[in-house]
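> sequence first, predicted model second:
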Amino acid sequence: MNRGEYLAWGAGALVMALLATVPQWLDNDYYLSLLISVLMYSVLASAWALFSGPTRYVSLATVAFFGVGAYTTAVFGEALPWAAVLLIALGVGVAMALVVGLATLRLSGVYFVIFSFGLAELVKQLVTWYEVNITKDLGRYVFVDITAQDIYWQLLALLALVLGLRAWIARTRLGLALRVIGEDETVAVHVGINTTRVKVLLFTLSASFMTVAGAIMAPRWTYLDPTIAFAPAISFQTLIMALLGGAGTLFGPLLGAVPLVLLFEFLSANFPNHFAILVGLVFMLIVYAVPQGISGWLRRRKPHDGGAQ
Amino acid sequence: MNPLDILLAGSTLGGLYGLIAMGLTLQYGVARIMNLSYGEFLIAPAFLAYLGVSAWGLSPLLILLLVLPLGFAVQWLVYQLLLTPLVRRTGAGPALEVDSILATFGLMFVVQGIMMVAFGGNYHSYTYLSTPVQVLGSTVAANRLLVLGVAIALGLGLYLLLTRTRIGTVVRAVSVAPRFAPLVGIDVRFTAALAFGLGGAMVAASGVLVSMFLPFSAAMGTMFAMKALIVVIMGGVGNLLGCLMAGMMLGFAETLVATFIDPGLTLAVNYALFLGVLLLRPTGLFGKGAR
């Protein structure tokens, strides 16, 4: 690493430390919960971009992992210590991602998209079936002794972890391999990259962050049923945020998450009935107007950089 | 449950899945656009039929005839207005696949949201021809037989249109060789819009058929789109007969599982079938060798 990079890592650590002090002086529950939303979607969008940014495989399954994480907390939260719950969530997420990844990522990207499109629905049906037939009770209460401040700090730590991981991967051989896969998969195979292994590895990493985020967020709900835990809107909003910011860059997903969480908060407060329509329109606007994301757009404004992806 | 009941239930459901997927395979095979909003354009005509029958006292069959041109026009417009800019922007390259998936995903939320506002999230249904009919010792509702009959007629009509007419030959040419079709004077973009419209007509008709014998809700489109996608991939993209076979497989698998194991596990069976086929034959059961 050169001096500039040491500086960048130092600055990043400093910003994180400053953000960690926020709950100490912020004495307002509404703003804290808004910040938690921002953090949650920052983690989800960054985790989404971890896999989908460089490889350009669109995953529509974010909430499948997120919901499984939330359910892990609902099931084990009362009986086990918090760290054990998070570890179990991590394990379940990794196992699920490996099964899905190994089955679909060997094939062309479209199969993966289709499978991820319905994965949340599948998991939701299986959980519903299990709850109705085995436990005889569709809903669950989440009894965990975790405060909003704890959730804030844990999400912040998770965000630091996912950003650090992305920054680190980008400078390794793995990151290079990913970018080659994203540019042209056939070329990647020909230069000797084991594309399946790279894709499955990254998909699993990305999914494990989503699962743990779900486990951390579960205490916010207190009551959980499959419709809440596996709400398709979570996948959808994560995707929009990552795309708006630009999934190819390190801070792109944050650039998308911060304004859109605020916008969606405003929309859901003022137009609760028309929320889905408005979100859909915002999404299409982004696909048509800022296809490269905000970061891509900013880069194109600097003439010396070329900017073509 | 007697075997004949299962045969009838399975083939009705399978025929319906096959029919729904035929429109999608046409859209994806010719226009190369994976239309995730496909299911919403099945549910919207179903609501139209619901309105027509319960509020205006029309016959669902009349509505079926009406939605054929309507569905064509709507999907043709979707292609011309929403997707043509993406085709132009990406030069029909690999980025088109990602961009069109995203655009239609957004469209899905918009249309679904509109239906939610208009009709709420509850299940809707109307009764039409629910009189029981005896078929070889088994009892079925007349509307199911009608659905089966119309599905066969529509599927056969599409098949003949594609294989026996000049315009059908053009559509198939674009599906087989999109880069070489212009060399013999075929307007690829016009043909793609046409195929998109044809798919729209098929899915609209399927929607009216669904409304005749199944309760439906605004949120159900995703599930139908998912099943249609599975059938299209299983049958091999662009292959109508493959669609029918894969649809039948899915219909029978669902009926068997719902009858003998648990109705709550039908989607899991769909996925298991899908994954099984993908792992054994990545290009689908009846697909060509190369990807």
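Now that the structure is in, tell me what you want to look at.
> what residues sit buried inside the helix or strand where residue A:117 lies?
If you go by DSSP states H and E, residue A:117 is part of helix A:109-130. Applying a neighbour-count criterion of 16 or more other CB atoms under 10 Å in any protein chain shown, one finds A:109-129 buried in helix A:109-130. Every residue, glycine included, has its C-beta placed from N, CA and C.
> same question, stretch A:151-162
For stretch A:151-162, the neighbour count (16+ other CB under 10 Å) marks A:151-156, A:158-160, A:162 as buried.
> what is the helix or strand just after the helix holding residue A:117 packed up against?
Following helix A:109-130 in sequence order, the next helix or strand is strand A:140-141 (DSSP H and E). Counting by 3 or more CB pairs under 8 Å, 6 or more residues apart in numbering or on different chains; DSSP states H and E, the packing neighbours recorded for strand A:140-141 are helix A:62-76, strand A:223-224.
> now strand A:140-141, how far from the chain's geometric center?
24 Å (CA atoms, centre = their mean, to the nearest Å).
> same check on stretch B:252-269?
Relative to the centre of its chain, stretch B:252-269 is centred 21 Å away, using CA atoms, centre = their mean.
> is that stretch positioned near chain A?
Yes: contact between stretch B:252-269 and chain A is present through B:262, B:264-265, B:267-268 (criterion: CB under 8 Å from any CB of the partner chain).
> in that stretch, what's buried?
Here stretch B:252-269 shows B:252-255, B:257-258, B:264-269 as buried, counting by 16+ other CB under 10 Å.
> again, but for stretch B:109-117
Along stretch B:109-117, these residues count as buried under the neighbour rule (16+ other CB under 10 Å): B:109-116.
> near chain A at all, it?
Yes: using CB under 8 Å from any CB, stretch B:109-117 reaches chain A at B:109-110, B:112-114, B:116-117.
> can you check stretch B:231-244 too?
Yes: judged by CB under 8 Å from any CB, stretch B:231-244 comes into contact with chain A at residue B:233.
> check what contacts that stretch and list those residues.
A:110-111, A:114, B:15, B:17-18, B:20-22, B:24-26, B:28-30, B:155, B:158-159, B:162, B:175, B:245-247, B:249-250, B:273-274, B:277-278, B:283-288 (CB atoms under 8 Å, 6 or more residues apart in numbering or on different chains).
> same list, the buried residues of helix A:109-130, but only the ones touching chain B.
Applying CB under 8 Å from any CB to the buried residues of helix A:109-130, those adjacent to chain B are A:109-111, A:113-115, A:117-118, A:121-122, A:125-126, A:128-129.
> hmm, residue B:102 is touching residue A:243, no?
Yes: here residue B:102 reaches residue A:243: they are 7.0 Å apart, a contact under CB atoms under 8 Å.
> joint contacts of these two?
By CB under 8 Å, 6+ apart, the residues touching both residue B:102 and residue A:243 are residue A:287.
> neighbour count for the two, which is higher?
residue A:243 (28 against 23; other CB atoms under 10 Å in any protein chain shown).
> roughly how far apart are that one and residue B:138?
To residue B:138, residue A:243 is 52 Å away according to CB to CB, to the nearest Å.
> and residue B:140, what element?
Residue B:140 belongs to strand B:138-141, assigned by DSSP H and E.
> who does that strand touch, helix- and strand-wise?
So strand B:138-141, by 3+ CB pairs under 8 Å, 6+ apart, packs with helix B:3-31, strand B:132-135.
> after the first one comes which helix or strand?
Counting by DSSP H and E, the next helix or strand C-terminal to helix B:3-31 is helix B:40-54.
> residues in contact with that next one?
For helix B:40-54, using CB under 8 Å, 6+ apart, the contacting residues are B:20, B:58-60, B:62-64, B:67, B:70-71, B:74-75, B:107-108, B:111-112, B:115, B:118-119, B:124-126, B:128, B:200, B:203-208, B:210-212, B:216-218, B:220-221, B:224-225.
> list buried residues within those.
Judged by 16+ other CB under 10 Å, buried ones among the contacts of helix B:40-54: B:20, B:60, B:63-64, B:67, B:70-71, B:74-75, B:107-108, B:111-112, B:115, B:119, B:124-125, B:128, B:200, B:203-208, B:210-212, B:216-218, B:220-221, B:224-225.
> what residues are up against residue 217?
I'll assume chain A. Residue A:217 makes contacts with A:36, A:40, A:66, A:69-70, A:151, A:155, as judged by CB under 8 Å, 6+ apart.
> should've been chain B
So residue B:217 contacts B:43, B:121-124 (CB under 8 Å, 6+ apart).
> narrow those residues to those in strands?
Counting by DSSP state E, no part of those is found in strands.
> if we can go back for a sec, would you check which pair of the buried residues of stretch B:252-269 lies furthest apart?
Pairwise distances across the buried residues of stretch B:252-269 (CB to CB) peak at 18.1 Å, for the pair B:252 and B:264.
> nearest residue to residue A:54 in space, please, no chain neighbours.
residue A:178 (3.8 Å; CB to CB, 6 or more residues apart in numbering or on different chains).
> which SS class is the one you found?
helix (DSSP: H, G, I helix; E, B strand; the rest coil).
> just to check, it is in contact with residue A:52?
No: using CB under 8 Å as the test, residue A:178 is too far from residue A:52 to be in contact (10.4 Å).
> that older thread, let's have the contacts of residue A:217 in TSV, adding distance to chain B and pLDDT.
Converted to TSV, the contacts of residue A:217 look like this (distance: CB to the nearest CB, whole Å; pLDDT from 0 to 100):
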residue	distance to chain B	pLDDT
A:36	24	89
A:40	20	91
A:66	18	92
A:69	21	91
A:70	20	90
A:151	28	87
A:155	26	90
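> hmm, back to that, report all helices and strands that the helix holding residue A:117 contacts.
helix A:62-76, helix A:82-104, helix A:226-229, helix A:232-245, helix B:94-119, helix B:221-235, helix B:266-280.
> and of those, who's closest to residue A:214?
Each of those has some distance to residue A:214 by CB to CB; the shortest is helix A:62-76, at 2.7 Å.
> where exactly do the helices run in the stretch 151-300 of chain A?
For the stretch 151-300 of chain A, the helices defined by DSSP state H, counting those that start in this stretch occupy A:173-183, A:185-190, A:195-217, A:226-229, A:232-245, A:252-270, A:275-289, A:293-301.
> with that, I have no additional questions.
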